[in-house]
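>>> Sequence and predicted structure are below.
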Amino acid sequence: MAWLFLLIAGLCEIAWAIGLKFTEGFARLLPTIGTVVAMAASIGFLGIALKSLPVGTAYAVWTGIGTVGTAALGIYLFDEPLTLFRLACIGFILLGMIGLKITT
């Protein structure tokens with residue numbers, strides 16, 4: 001169950017990172033509120049996951065989910081560059097997360 005909470009925390013991490021872009025420097029009220037709620041949810045679910053998971057593993061996977069998801073959505077939503085090197089780097093992050101999961 002802890003891994004499910006960690007996944008939810010990571011998805012909330014993606015939501016707030018993307019939401020931050022839509023706040024336009026916190027000038028837009030609704031995106032700002034959504035971003036702050038996603039931040040709180042992300043930390044909350046991470047805290048729940050940490051009851052059962054090692055902090056190093058959980059934190060690395062949490063930030064990895066956020067990094068990979070935000071990079072992918074940046075490519076999709078904001079026309080950020082999609083290069084082979086960038087995809088390889090994202091792949092290495094995924095491999096690291098999988099390795100941490102396997103060894104925990």
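Yes, it's here.
>>> Now the element after the longest helix belonging to the chain, going C-ward?
Using DSSP state H to define each element, the chain has its longest helix at helix 55-78. Next along the chain after helix 55-78, taking DSSP states H and E as the criterion, comes helix 84-103.
>>> Who are the packing partners of that next one?
Using 3 or more CB pairs under 8 Å, 6 or more residues apart in numbering; DSSP states H and E, the elements in contact with helix 84-103 are helix 55-78. Where C-beta positions appear, they are placed from N, C-alpha and C, glycine not excepted.
>>> can you list contacts of the helix it packs on?
The contact list for helix 55-78, computed with CB atoms under 8 Å, 6 or more residues apart in numbering, reads 2, 6-7, 9-11, 13-14, 17-18, 21, 42, 46, 49-50, 80-82, 86, 90, 93-94, 96-97, 100-101, 103-104.
>>> OK, contacts around residue 21?
residue 78.
>>> what helix or strand does it sit in?
Assignment of secondary structure by DSSP H and E places residue 21 within helix 2-22.
>>> what about the helix or strand following that helix, average pLDDT?
Using DSSP H and E, the helix or strand that follows helix 2-22 in sequence is helix 29-49. For helix 29-49, mean pLDDT is 98.
>>> Now do helix 29-49 against helix 55-78, angle only.
If you take axes from the mean of the first three to the mean of the last three CA atoms, to 10 degrees, helix 29-49 sits at 150 degrees to helix 55-78.
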